[in-house]
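Colleague: Provided below are the primary sequence and the corresponding predicted coordinates.
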Amino acid sequence: MKNYSSFLKVFILMAFIFVSNVMKAQFVSGNLVVLKVGNGVDTLVNLGNACYLQEYNLSGTLVSTISLSASATDPFCVSGSATSEGQISKSSDGTLICLAGYKIAPPYTSSLASSTSAAINRVVIQVNNAGVISTAATTSTAFSANNIRSAVSDGNNNYWAAGGSTGVYHFGSTASDTAVVSTTSTNIRFIDIFNSQLYYTTNKGTFGLYQVGTGTPTTSGQTSTNIIATGSTSSPFAFALNSTIDTCYITDDRVVSSGGGIQKWVKSAGIWTLAYTLGSGTSSTVGCRSLTVKWGEVHPIIYATTAETTNNRIIKILDSNSTALAATLATSASNTLFRGIAFAPDNNAVPNVTTVAYSNLSPFSVNVSGNVISDGGSAVLARGICWDTIANPTIASSHTSEIGTLGVFSSTLNGLLQNRTYYARAYASNAIGVSYGSVISFTTPIYIPTYTISQVKGINAQGVGDSVNVYCKLHGVVHGLNFTTVGLSFYMMDAMAGINIYSNPGTYNYTVAEGDSIKVIGKIQQSRGLIEIVPDSIVKISSASTLNTPVLLSTLNDSHESSLIKMEYLTYLSGWPIIPGITASVSALKGTDTVTIMIFTQCNLQGTPAPVAPFHIIGIESQYTTSLNPPFLSNYFIIPRYISDLIRTDNVNAYEEQNVSIYPNPSDGRFNIETKQNNALDINIYTVQGSLIYHKTNVFSTEKIDISDKGKAVYLIQLIDSKTGDCQTHKLIVH
């Protein structure tokens, strides 16, 4: 007897396939597309079952059906028993829906999820608005021996997939353009893009929703960050975020009594909290696994698939409050189940826009450029850059509006705050909606004002600086040495004033050299009365700059602190370092006043004879009060730099006749100094007013000098024995 039941079974199956193909047609924008697993005849098993895309209108009426498993060249299926597989996503530009599964016509000989990817390739397929199915990407390595569950596209030849292993996997426009983008989580349920940011859910590790890097990354090594923790007993699946990224719906397939259903999360002050959980229908006890949300209405409208093991449903919820009820739109037939759900792909899409780069970053503004690559089939209505101090800015944030439609554009973002991290991205809108480019971030620098040294040297009646803790930039010329063996302590002067540069122990890769023109960025401080700048950076601009002419003083006071000064006719009292050693505090008289001269270890006056007659001294005026607290109006001293800063009046012209000749004299400014001394000479030439116009050290034999550019006058030539410190002074007449 013939087996008519088997014949009938085959007949029904063929008729179903015939009807499915006949009903294939262009999708209607705004309708729902659901993945149905199973042909209604074969049991749902892990060997794989036939898959269909079914289009429903928003009232739950079936509009069309497309078979995904009938192709001989590009077969596709998912496991009939793996409820985590078969999610659907809509591409960022709205023109495609994407699914992930196995490249095989079912059934396989064993469990699909247990097969290697080499044996059964994992595949991402896409379907456009016309219902045309195409293979987007395949892999023979990723997701091997495990589920591939979900995929998403940006609509620009980039695809991301996720599943039970591997992590977040990227497929580009070529076979070699692949990467494991993130391995923060390797067991992932659903992956999607919202507002140009890639996200996924997992129920491993910290359960919940994760953000993958920044934007839609395509390279490996990205860190994924948990932004919503749904709890250690939760079971999160699909999710949807609104355009301002402050409302998120997440499906949970636990029973309702354990927290299953559709969770609504809201963000306030940067913190996500669970507002409430919506059920899957009156008297229904099951949760949900997939959803899509229609935003922009008075209340969001949620469409979801439920978690029954048989005859599961498509439901609709108008989320007006926590008591909103689910209405059933459709129920799956026997030996079929609904899996993923998404809105149908659009014929016209949102514009394709990219964020290009930022430039001209300042403390208060920046330029950001974007590019509208295509208008999505509908005229571009607006474009520009949006920005915020939180990730994923939207047009609800600060934004510009630029003229034009397609192509590259640039916006200047004004009104920024210094030392802040900002996030920015390009946007473009048309009649379909708004799209965004990838997010870029930048941190505005600290505003660093440039001051003259005089501007930061002001003091009050107690000697307290009025610019302490001011962060600024100063320019000047180095005068003298580094007066410390640890870190830095030296003086910089501009045309009007000087300041100490101090750092312990940093040196900022700068070697102190007198005459260097430098730029210093740092903070103004005051230590025992001395105003200093503690540097963050020191940049040498040039060398051999002209030094300041010493200011002739009769008394020391704050008005010339850190400036180059000269005092004449001092009488030595005590403390001269005739034996080189530690910094010496030398006392001398100027009239009836005692003057302190600090001869640092680094100064080559160390180890020279003390002056025994009235002498002149050149140096840097400084200050070091005995108290840490004000007033800071005393304890000033002079710091000579070199042996030549001491002008002795003893032994003047002692060896003039037999040891030194200056000729011609008078001259036109070009002359020779000839020495027969055993020791080298230091040569200083001054105007009669005391301004140094020429300086050279370690001169032997004959030195040719040209000061013809200094003008006709009488000049003083000071010759100092570099070993003994003995000094000769000569007059030179230039006519």
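Modeller: It's in. Residues are numbered from 1 along each chain as shown.

Colleague: secondary structure class for the closest residue in space to residue 299 that isn't next to it in sequence?
Modeller: Once flanking residues are discounted, residue 299 sits nearest to residue 320: 4.7 Å by CB to CB, 6 or more residues apart in numbering. All C-beta atoms are positioned from the backbone trio N, CA, C, and that covers glycine. Following DSSP: H, G, I helix; E, B strand; the rest coil, the label given to residue 320 is coil.

Colleague: In this structure residue 516 contacts residue 543, no?
Modeller: Yes - Residue 516 is within contact range of residue 543, at 5.3 Å (criterion: CB atoms under 8 Å).

Colleague: In terms of neighbours, single out the busier of these two.
Modeller: The neighbour comparison of residue 516 against residue 543 (other CB atoms under 10 Å) goes to residue 516, with 21 against 13.

Colleague: Quick check: that one vs residue 111, distance?
Modeller: Distance, residue 516 to residue 111, by CB to CB, to the nearest Å: 76 Å.

Colleague: so the most centrally placed residue in the chain bridges to which residues?
Modeller: By CA atoms, centre = their mean, the chain has its centre lying nearest to residue 442, at 4.7 Å. Residue 442 has these beta-bridge partners by DSSP bridges: residue 422.

Colleague: unless I'm mixing things up, it is touching residue 360, no?
Modeller: No - using CB under 8 Å, residue 442 is not in contact with residue 360; the gap is 10.9 Å.

Colleague: give the contact list for residue 725.
Modeller: 605, 608, 609, 643, 646, 648 (CB atoms under 8 Å, 6 or more residues apart in numbering).

Colleague: My error: substitute residue 410 in the last question.
Modeller: 367, 368, 369, 370, 402.

Colleague: Over to residue 154?
Modeller: Contact analysis of residue 154 by CB under 8 Å, 6+ apart lists 91, 92, 93, 193, 196, 216.

Colleague: Pretty sure the first one sits against residue 343.
Modeller: So that's residue 91. No - the pair residue 91 / residue 343 is not scored as a contact, 11.2 Å apart, by CB under 8 Å.

Colleague: Between these two, which has more neighbouring residues?
Modeller: Remark: of residue 91 and residue 343, residue 91 carries more neighbours, 24 against 20, as counted by other CB under 10 Å.

Colleague: so what pLDDT did residue 194 get?
Modeller: At residue 194, the pLDDT value in this model is 92.

Colleague: Looks like it contacts residue 240 (just checking).
Modeller: Yes - shown here, residue 194 and residue 240 form a contact pair, counting by CB under 8 Å, at 7.3 Å.

Colleague: what about those two, which has more around it?
Modeller: residue 240 (22 against 18).

Colleague: Distance check, the nearest residue to the more buried one once chain neighbours are set aside against residue 241.
Modeller: Sequence neighbours aside, residue 293 is the residue nearest to residue 240 in space, at 4.1 Å (criterion: CB to CB, 6+ apart). Per CB to CB, residue 293 is found 9 Å from residue 241.

Colleague: Show me which of the two is the more surrounded one.
Modeller: Neighbours were counted for residue 293 and for residue 241 using other CB under 10 Å; residue 241 has more, 25 against 22.

Colleague: Next up, the contacts around the more buried one.
Modeller: With CB under 8 Å, 6+ apart, residue 241 has these contacts: 194, 195, 199, 247, 248.

Colleague: redo that, cut-off 7 Å
Modeller: Neighbouring residues of residue 241 by CB atoms under 7 Å, 6 or more residues apart in numbering: 194, 248.

Colleague: Quick check: it vs residue 626, distance?
Modeller: From residue 241 over to residue 626 (counting by CB to CB), the distance is 66 Å.

Colleague: picking that back up, can I get the contacts of residue 725 in a markdown table including pLDDT?
Modeller: A markdown table is the format used below for the contacts of residue 725 (pLDDT from 0 to 100):
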| residue | pLDDT |
| --- | --- |
| 605 | 93 |
| 608 | 88 |
| 609 | 88 |
| 643 | 89 |
| 646 | 92 |
| 648 | 82 |
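
Colleague: Touching, the residue nearest to the centre of the chain and residue 366? I think so.
Modeller: Yes - look at residue 442 against residue 366 with CB atoms under 7 Å: they come within range, at 6.3 Å.

Colleague: between those two, what contacts are shared?
Modeller: residue 358.

Colleague: any chance you could map the strands in the stretch 551-700 of the chain?
Modeller: 551-552, 564-574, 584-590, 593-599, 615-623, 636-639, 646-648, 660-663, 670-675, 681-687, 692-699 (DSSP state E, counting those that start in this stretch).

Colleague: So for residue 255, which of these sits nearest?
Modeller: strand 615-623 (79.7 Å; CB to CB).

Colleague: Below-threshold pLDDT in the stretch 101-250 of the chain: ranges please.
Modeller: Within the stretch 101-250 of the chain, no range satisfies pLDDT under 70.

Colleague: remind me which residues of the chain are low pLDDT?
Modeller: The model of the chain has pLDDT under 70 over residues 1-25, 650-658, 688-690.

Colleague: Give me the longest strand you can find in it.
Modeller: Longest strand of the chain, by residue count under DSSP state E: strand 530-542.

Colleague: neighbouring contacts of it?
Modeller: 457, 465, 474, 499-503, 508, 510, 516-525, 561, 622-624.

Colleague: Over to stretch 318-336?
Modeller: Applying CB under 7 Å, 6+ apart, the external contacts of stretch 318-336 come out as 36-38, 40-44, 56, 60, 264, 276, 278-282, 299-302, 311-317, 338.

Colleague: Keeping just the C-alphas, turn it into PDB.
Modeller: This file holds the C-alpha atoms of stretch 318-336, laid out as PDB (Å, rounded to 0.1, in the frame of the first residue of the first chain):
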ATOM      1  CA  LEU A 318       2.200  51.400  23.000                       C
ATOM      2  CA  ASP A 319       4.600  52.400  25.900                       C
ATOM      3  CA  SER A 320       2.500  55.000  27.600                       C
ATOM      4  CA  ASN A 321       3.400  53.800  31.100                       C
ATOM      5  CA  SER A 322       4.500  50.800  33.200                       C
ATOM      6  CA  THR A 323       1.000  49.200  32.900                       C
ATOM      7  CA  ALA A 324       0.900  49.300  29.000                       C
ATOM      8  CA  LEU A 325      -0.400  46.000  27.700                       C
ATOM      9  CA  ALA A 326       0.800  44.000  24.700                       C
ATOM     10  CA  ALA A 327      -1.500  43.100  21.800                       C
ATOM     11  CA  THR A 328      -0.900  40.000  19.700                       C
ATOM     12  CA  LEU A 329      -0.500  40.800  16.000                       C
ATOM     13  CA  ALA A 330       0.300  37.300  14.700                       C
ATOM     14  CA  THR A 331       1.000  33.800  16.000                       C
ATOM     15  CA  SER A 332       3.400  31.300  14.400                       C
ATOM     16  CA  ALA A 333       2.000  28.000  13.000                       C
ATOM     17  CA  SER A 334       3.000  24.600  14.200                       C
ATOM     18  CA  ASN A 335       6.600  23.600  13.400                       C
ATOM     19  CA  THR A 336       7.500  27.300  12.900                       C
END
